[in-house]
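Asker: Sequence first, then the predicted structure:
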Amino acid sequence: SAGLTCAAVREGNDKEFALEAGALVLADKGVCCIDEFGCIRKDDQLVIHEALEQQTLSVAKAGIVCKLNCRATVVAVMNPRDCIYDIHASLAHNTGLGTPLLSRFDLIFKLVDTSDIARDENVSKYLLNRAILGTGFECTSGASRGSKKEATWSIEKLRSYIAIVKERFQPAISDGAATLLERHYAKIRSSQSFAIP
């Protein structure tokens with residue numbers, strides 16, 4: 001596969017190579033959308049830097065030397081390093097991209113997902129209500145909250161439970177399970193680390 005730039009591929013049974021255009025070349029005079037931009041290898045980042053700055057790609061593969069046009073608008077999306085945005089660090093540090101490459105973009109939008117207990121509770125209720133739609137249950141804020149503190153299940157126990165239920169039954173999520181998932185989601189969102197175990 002040619003990826004973002006291009007690849008040298010053999011044509012048929014011949015020993016001759018031909019260039020197969022990648023996304024940036026195919027998007028010439030158009031738009032190239034790149035997801036997970038932070039996962040791109042360092043050597044590809046150098047090529048993309050040239051594409052954004054010069055609007056060409058220099059190719060030297062399999063004896064083929066040429067310049068390909070890639071006059072495209074690039075829309076790139078990525079998550080911060082370690083999936084947590086550090087508001088005290090620079091954009092270059094949070095993205096893991098060098099300042100020269102970042103400076104090639106005309107516009108940079110930063111969407112930070114902050115933890116907000118009320119919003120997180122609304123999101124979890126909405127998602128759970130969508131999941132249990134038509135089952136006769138509804139997730140409400142005070143549905144099964146007792147006065148005593150309930151023990152929280154470990155991730156392993158929850159995964160085992162879900163696997164057994166999926167294997168043996170036609171599952172429908174109960175109100176209690178919806179509350180359990182809602183509380184777990186809120187607990188994860190309120191902790192310092194957003195990494196899900």
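Answerer: Yes, it's here.

Asker: could you point out which element follows the helix-or-strand element of the chain with minimal mean pLDDT?
Answerer: One helix or strand of the chain scores below all others by mean pLDDT, DSSP states H and E: helix 155-168, with a mean of 76. Remark: after helix 155-168, the chain's next helix or strand is helix 175-190, criterion DSSP states H and E.

Asker: That next one vs helix 155-168, what angle?
Answerer: Per axes from the mean of the first three to the mean of the last three CA atoms, to 10 degrees, the angle that helix 175-190 makes with helix 155-168 is 140 degrees.

Asker: Same question for helix 175-190: list its buried residues.
Answerer: Within helix 175-190, the residues that count as buried by 16 or more other CB atoms under 10 Å are Asp175, Ala177, Ala178, Thr179, Leu180, Leu181, Glu182, His184, Tyr185, Ala186, Arg189. All C-beta spots, glycine's among them, are computed from the backbone N, C-alpha and C.

Asker: what does stretch 75-83 give?
Answerer: In stretch 75-83, counting by 16+ other CB under 10 Å, buried: Ala76, Met78, Pro80.

Asker: Check stretch 26-34 too.
Answerer: Buried, per 16+ other CB under 10 Å, within stretch 26-34: Ala27, Cys32, Ile34.

Asker: Make a markdown table out of the residues you listed and add secondary structure and distance to Pro100.
Answerer: Converted to a markdown table, those look like this (DSSP: H, G, I helix; E, B strand; the rest coil; distance: CB to CB, whole Å):
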| residue | secondary structure | distance to Pro100 |
| --- | --- | --- |
| Ala27 | coil | 22 |
| Cys32 | strand | 19 |
| Ile34 | strand | 17 |
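
Asker: Just the closest of these to Ser154, please.
Answerer: Ile34 (37.8 Å; CB to CB).

Asker: For the residue nearest to the closest one when sequence neighbours are not counted, give its distance to Lys125.
Answerer: The spatially closest residue to Ile34, leaving aside those adjacent along the chain, is Ala76, at 4.4 Å (CB to CB, 6 or more residues apart in numbering). From Ala76 over to Lys125 the distance is 33 Å, taken as CB to CB, to the nearest Å.
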